[in-house]
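Undergrad: Turn this into a structure:
(2 chains)
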Amino acid sequence: MLSDCVHPSPSANASDEFSGMLAAGIDAAFPGSAITKSDLSLSISVPKGEIGDLSSSICFKLSKTFKKSPREIAAQIAAKIRKGKLVLEISELNGYINAKLDPIHYSKLVLDSVVENGDDYGGSEIGSGQKVIVEFPSTNPNKAWHVGHLKNALLGDCVSNLLSFCSYEVEREDYIDDIGLQMAQSLWGWMHLSDKPDKKFDQWMGEQYVKVNTMLEKPGIKEEINAMLKRMEDSESKEARLIKEISEKCMIAQNQTAFSYGIYHDVMIKESEIVRVKLLEKALELADKKGILERPKEGKYANSTVVKLEKVAEFAKELSGNEEGAKVIVRSSGAATYAAKDFAFHMWKFGLLGTNFKYEKFLDQPNGKPVYVTSINGVEKKFGGVRVAINVIGSAQKYEQLVVKSMFYLLGHKEVADNLIHLSYGEVRLEGGVLSTRKGGAIGSARNYTADDLLREAKASALEIVSKSEKITDKGALDQIASAVALAAIKFEFLKVSPENNVVFSWEKALNFEGDSGPYCIYTYARATRVLEKGGYKPAVPSAGHLLQITRGSDFEVIKLIGSFPEIAQKACSEYRPNVVTDYVLRLSYAFSRFYESMPIIKGGEAMQVRLAITEATRQTIRNALRLVGIETLERM
RNA sequence: GGGCAUGUGGCGCAACUUGGAUAGCGCACUUGGCUUCGGACCAAGUGGUUGCGGGUUCAAAUCCCGUCAUGCCCGCCA
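TA: Predicted structure coming up:
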């Protein structure tokens, strides 16, 4: 628990105070203004340059009602405001009211907050008591993760971290489509092609899948595969047994990739189990009772089960201009579509179906926690039954996700629909044409753009650079450091842009160790660590005397940034946007580098103690922020 | 045909949800800084009519309308 004397968010504390002062000033100078608390807090921003630490544009709003110029109003309000605890000075400029914070008091608040909260600094309680399920990356169990799956997994992992940091109870879930067409094709290959696994299983299986695809035009093969597809759904069949064997081998291989990236799950849900426990029938029965399904007797949709799009368009106008009149849920053949299965699965996620799965332990993960998988032989566990479900799925599936969401509106579950969140992201493309010229030769075709290949390349590049470092002489440490640097580079590169953007994968960018990169941030961290070591820093709350040494220079810039971290973390969490965090760590790292260059720390004389404290607070904050994007810091590199 | 997303210096991006002061950052380019706390660094500089055209507003990259370009989607595939 946080103590009462330390506000979890220093920056919010300061702007709250400023806001209160403004309210009092407005009341005194312009009674009956109708300005609300939220108007005030929305008017407050952080200005650039030397103007001040906080700024309010509220006088522009007041100028209309009171028929005076903003400057005049600002001057009158400013005259009525006395200094507060954190706000030292109020001034008026061009109609804005600007505030300067008291460097001593504000620094004390920030530094104390960081020391007091440590690894929890920046976290909040806003999600307390709410369960969330995050689904990612749901790669089919017949191929290796490529760079696109990696983007998905990194997003899902980071969003899960953010939610945990804000006290949500998070379930990390992976959806395994083990009875789809792709799986049937892979199974056909397994049964009919002669080559045997000679490399990492997911990689091998993916290559074999490509081979099968080139054979589909040959007579009879498609038919054989379709026949298999049907038999697979029967859990007693030979096909189902084989599927279980090969898909699980593939899942293990994919998990190895996930582990190498520090990505873990709580539970994996197999589609075959969804079928076996008859989730679909139960969901459709319920939907039918509510009258949202229709079964046309004739016409285009004869004998299938559909949802009329004109109905769902009430809730999602994006679906209104559709040429089709309906969305098929169950085919006339009786087979369910993907939308149906997805709908049923989400009924389960939100706890709207009584039926539950059974689970068995699938793997022990390097983070010390097991990952479970749905299984006929398992035991009951408390997965699902959440308040919020987040699906990390590419933007190509927006339409389908919207249909599922709308079905919950139709059922009358408005809150469920609102809490079903499609975290849509732009696809990863590959650089065109020149792939084969990639140096090293081995990486020459698209299928080699796997997450495994990427990490291997990045490690090799990092090792080259780390080996040159005079700071690291221990051979064993080199490898570990290169690994961490490589992961930092890759993760940062993927997460630093808005999820929605389509990105072109580039080796040059992915192996970026300079500028706005992950390695730059952990370099800053390592440098700060070294200063603390050399300065003989001992954890302590800085004394009043030491705090007097704070200036309004680059030292205070660092402190202000540190003080805003809790607000940043909440913003990133509520918007599901990792790049809010990466952007912040970069700004903090740049600010610290400037401080480091311009103000001697160890040789700071009287100021040494407080500058060491700032350095430690920076270190803690960088570590906390990078942990959210799944990046481990290094003491040296 | 309809919908969604994207469009910001040469390149890659941020700021748009909640309008606010001189549109930020990285790469590249030019110049300067290591007997100094770690140069994977820092400082200074060149480069922008925020795709285009209207509108709203004291104020527009941000909101509204139109338009162009690119990508994705609109299947009894998943």
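Undergrad: For the spatially most central residue of chain A, which non-adjacent residue is closest in space?
TA: Nearest to the mean C-alpha position of chain A, by CA atoms, centre = their mean, lies A:V159 at 2.7 Å. Distances taken as CB to CB, 6 or more residues apart in numbering put A:Y576 closest to A:V159, at 5.2 Å, once the chain neighbours are dropped. (Glycine included, C-beta is placed from N, CA and C.)
Undergrad: That neighbour touches A:Y425, doesn't it?
TA: No - with contact defined as CB atoms under 8 Å, A:Y576 does not count as touching A:Y425 (10.0 Å).
Undergrad: got the contact list for A:S56?
TA: A:F18, A:L22, A:L40, A:S43, A:I44, A:S45, A:Y96, A:I97, A:N98, A:A99 (CB atoms under 8 Å, 6 or more residues apart in numbering).
Undergrad: Pull out the buried residues from stretch A:494-512.
TA: A:F494, A:L495, A:K496, A:V497, A:P499, A:V503, A:F505, A:W507, A:A510, A:L511, A:N512 (16 or more other CB atoms under 10 Å).
Undergrad: Now tabulate those residues in CSV and tack on secondary structure.
TA: CSV is the format used below for the buried residues of stretch A:494-512 (DSSP: H, G, I helix; E, B strand; the rest coil):
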residue, secondary structure
A:F494, helix
A:L495, helix
A:K496, coil
A:V497, coil
A:P499, coil
A:V503, strand
A:F505, strand
A:W507, helix
A:A510, helix
A:L511, coil
A:N512, coil
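Undergrad: The residues you listed: which ones sit near RNA strand B?
TA: Checking the buried residues of stretch A:494-512 against RNA strand B by CB under 7 Å from any atom of the strand, the ones in range are A:K496, A:V497, A:V503.
Undergrad: so what pLDDT did the first one get?
TA: In the prediction, the pLDDT value recorded for A:K496 is 96.
Undergrad: got the residues of the stretch 201-350 of chain A near RNA strand B?
TA: Residues of the stretch 201-350 of chain A found near RNA strand B (CB under 7 Å from any atom of the strand) are A:271, A:300-304, A:317-324, A:327-328, A:331-333, A:335, A:337-339, A:341.
Undergrad: out of these, which are inside strands?
TA: The strands, defined by DSSP state E, take in A:K327, A:V328 from these.
Undergrad: you'd agree the residue nearest to the centre of chain A is in a helix?
TA: Yes - according to three-state DSSP, A:V159 belongs to a helix.
Undergrad: Next up, the contacts around it.
TA: A:V134, A:I390, A:V392, A:L423, A:C573, A:Y576, A:P578.
Undergrad: TSV please, covering those residues and showing secondary structure, neighbour count and pLDDT.
TA: Below are the contacts of A:V159 laid out as TSV (DSSP: H, G, I helix; E, B strand; the rest coil; neighbours: other CB atoms under 10 Å; pLDDT from 0 to 100):
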residue	secondary structure	neighbour count	pLDDT
A:V134	strand	31	98
A:I390	strand	24	98
A:V392	strand	26	98
A:L423	strand	20	97
A:C573	helix	25	97
A:Y576	coil	20	97
A:P578	helix	27	98
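Undergrad: Make JSON lines out of these and add distance to RNA strand B.
TA: JSON lines is the format used below for the contacts of A:V159 (distance: CB to the nearest atom of the strand, whole Å):
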{"residue": "A:V134", "distance to RNA strand B": "19"}
{"residue": "A:I390", "distance to RNA strand B": "16"}
{"residue": "A:V392", "distance to RNA strand B": "14"}
{"residue": "A:L423", "distance to RNA strand B": "13"}
{"residue": "A:C573", "distance to RNA strand B": "12"}
{"residue": "A:Y576", "distance to RNA strand B": "10"}
{"residue": "A:P578", "distance to RNA strand B": "11"}
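Undergrad: Among the residues you listed, give me the pair with the biggest separation.
TA: Distance extremes for the contacts of A:V159: the farthest pair is A:V392 and A:C573 at 14.8 Å, using CB to CB.
Undergrad: returning to what we had before: just the ones in helices from the residues of the stretch 201-350 of chain A next to RNA strand B, please.
TA: Within these, residues falling in helices by DSSP state H are A:E271, A:Y338, A:A339, A:K341.
Undergrad: how much space between the first one and A:A12?
TA: Spelled out, it's A:E271. Plainly put, A:E271 is 45 Å away from A:A12 if you go by CB to CB, to the nearest Å.
Undergrad: Who has more neighbours out of these two?
TA: A:E271 (20 against 17; other CB atoms under 10 Å).
Undergrad: doesn't A:Q182 make contact with that one?
TA: No - between A:E271 and A:Q182 there is no contact under CB under 8 Å: 11.4 Å.
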